[in-house]
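In: got a structure for you, letters missing:
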C-alpha cells in the first residue's frame, strides 16, 4: 500500500509539472517572469482564498506588480487558443452559456453593479453582488473531451442601454464576436440555450431550444401526422413531434427543424436546429453535450474563481482567463490521477504533496 501511494505521488508530481508548465509557458509569452507566471498558475492551490493578495504574500511578490501582470494575462488568450488548436485536430461543437460569479467578499462588493450585476441567489435567499460571465467551451467530437476556452464579464442589456457601464458589452454582442472561433476550429455545430435567440447568433449549424411562448408563422409536420398550419401559434401549442417551422428573426423569416418531446425527468423540450440535415438523435446528442459547460462552471468555482475582484475590467478579465486555463489543466490532472473532483485533487495536493509549500519546492521556488 505504501509503495502504491509512493508511486501515485511520484506520478502526480510529474503530471503536475507538465500541466502547470503548459499554463506557465503561455503566461511567459506575454513577458511575465518565471516566478510570477508560476505563482499565478498555482493560485488555485493556495489554501484559504485564491486571491491576488494571497499570492503576493505567499510568494513574496509585489502586489501592484501582480495586478499589472493580470493585465498581460488578458493578452495571452490568443496564444492559449493557438496552443489548444494544436491539440484539437478534428471537428468540434462550440458551447455558449453564462454563469454568475459571486463576489461576496470582494473589496468592490458595494460597487459590483459597475462591473456586473446583482442577482437573487437561490442558495442564500438574498440579493448578492457579483459579475455576469459569458462562458465558451469546445467539445472535441473525436476524443470526446471538453475544454473551456473563455469566460468574459458582460453587462446586462438594461445596464448597457442606460449607459451604466462603458467598458462592457452585452452577452449577445460578446457571443457574436466570439463566433470568429469558427476560423480557428473545425466547427460542426454551435449549441446554446433559449436566451440566445438573436440574428447575430442564430445562423447556420445552430442547435438550441425555443421557449414555449415563441410564436411561429408556419408549421409543417415532418412525419405527416399534421397538416401544414399557418398563423401565429405558440410553440407550446404543438404536440410532441418533429416539425419544420418558420420563425421571425428581426426582419427576416427562417426555417428550422423543431423536435418537441416530453421527457420523464426534464419535462418538455422544444429543441431546434438551423441545420435541416440533422436527425433528432443528432440534435439530442448535441444538447446533451451542452451540459459539459455546466461542469466547467462547477469546477472553476471550486478552484476559487470567486475569491477576489477588481476595480479595473482588464484585471478582472485577466484573472478570469487565468482560471479558464487552470480549469483545463486541473481536469487533465484529474483524468491522469483517476481522481473524481476538484475538491479531491486539492485534498490530495494538501495531504500528499505538502500543499503550496510542497508545490513551491517542486517548482524550485524555495
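Out: Good, I have the coordinates. As the structure is a computational prediction, the values presented were derived from the model and not from experiment. Residues are numbered from 1 along each chain as shown.
In: Now the spatially most central residue of the chain: which helix or strand?
Out: By CA atoms, centre = their mean, the chain has its centre lying nearest to residue 135, at 3.4 Å. In the assignment (DSSP states H and E), residue 135 maps to strand 126-140.
In: Next, the contact list for the residue nearest to the centre of the chain, please.
Out: Residues near residue 135 by CB atoms under 8 Å, 6 or more residues apart in numbering: 96-99, 148, 150-152, 293, 296-297. Using the backbone N, CA and C atoms, a C-beta is placed for each residue, glycine as well.
In: Write a PyMOL command that selects only the buried members of these.
Out: Provided next is the PyMOL selection string for whichever of the contacts of residue 135 are buried by 16 or more other CB atoms under 10 Å:
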select buried, resi 96+97+98+99+148+150+151+152+293+296+297
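In: roughly how far apart are residue 326 and residue 43?
Out: For residue 326, the distance to residue 43 equals 7 Å [CB to CB, to the nearest Å].
In: circling back to that earlier point, ok, the residue nearest to the centre of the chain to residue 53 distance?
Out: Residue 135 sits 26 Å away from residue 53, going by CB to CB.
In: quick one, what contacts residue 332?
Out: Contacts for residue 332 (CB under 8 Å, 6+ apart) come out as 15, 19.
In: Show me what the host helix or strand of residue 97 is packed up against.
Out: Assigned by DSSP H and E, residue 97 belongs to strand 91-102. Judged by 3 or more CB pairs under 8 Å, 6 or more residues apart in numbering; DSSP states H and E, the packing partners of strand 91-102 are strand 117-121, strand 126-140, strand 145-154, helix 171-178, strand 186-191, helix 280-289, helix 291-302.
In: Highest mean neighbour count out of these?
Out: For the helices and strands packed on strand 91-102, the largest average neighbour count (mean count of other CB atoms under 10 Å) is found in strand 145-154, namely a mean of 23.
In: All the helices of this protein, residue numbers only.
Out: Secondary structure of the chain, counting by DSSP state H: helices at 2-28, 34-41, 52-58, 63-75, 77-87, 157-161, 171-178, 280-289, 291-302, 313-337, 342-352, 355-362.
In: Which one of these has the poorest average confidence?
Out: Note on those: helix 157-161 shows the lowest mean pLDDT, a mean of 55.
In: give the contact list for residue 97.
Out: Counting by CB under 8 Å, 6+ apart, residue 97 touches 134-135, 137, 192-193, 290, 293-294, 297.
In: my bad, should have said residue 268
Out: Shown in contact with residue 268 (CB under 8 Å, 6+ apart): 212, 236, 260-262.
In: For these, give me CSV that also has distance to residue 20 and pLDDT.
Out: Below are these laid out as CSV (distance: CB to CB, whole Å; pLDDT from 0 to 100):
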residue, distance to residue 20, pLDDT
212, 47, 91
236, 50, 90
260, 47, 94
261, 44, 92
262, 47, 88
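In: ok, back up a step: angle of the strand holding residue 97 against helix 171-178?
Out: Using axes from the mean of the first three to the mean of the last three CA atoms, to 10 degrees, one finds that strand 91-102 and helix 171-178 are set 150 degrees apart in direction.
In: For strand 91-102, give the mean pLDDT please.
Out: Throughout strand 91-102, pLDDT has a mean value of 86.
In: what separates it from the chain centre, distance-wise?
Out: Centre-to-centre, strand 91-102 and its host chain are 4 Å apart (CA atoms, centre = their mean, to the nearest Å).
In: again with stretch 82-89
Out: 17 Å.
In: Could you give me the buried positions within that stretch?
Out: 84, 88.
In: and what of stretch 68-78?
Out: 69-70, 72-74, 76-77.
In: Going by distance to residue 29, which of those residues wins?
Out: Distance to residue 29 across the buried residues of stretch 68-78 (CB to CB) is lowest for residue 76, with 6.4 Å.
In: residue contacts, the closest residue in space to the closest one that isn't next to it in sequence?
Out: Spatial nearest neighbour of residue 76, chain neighbours left out: residue 30 (4.8 Å); criterion: CB to CB, 6 or more residues apart in numbering. Residue 30 sits next to 72-73, 75-76, 79 when contact means CB under 8 Å, 6+ apart.
In: Need those in a markdown table (columns: distance to residue 6).
Out: Listed next are the contacts of residue 30 as a markdown table, based on distance: CB to CB, whole Å:
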| residue | distance to residue 6 |
| --- | --- |
| 72 | 39 |
| 73 | 36 |
| 75 | 42 |
| 76 | 36 |
| 79 | 37 |
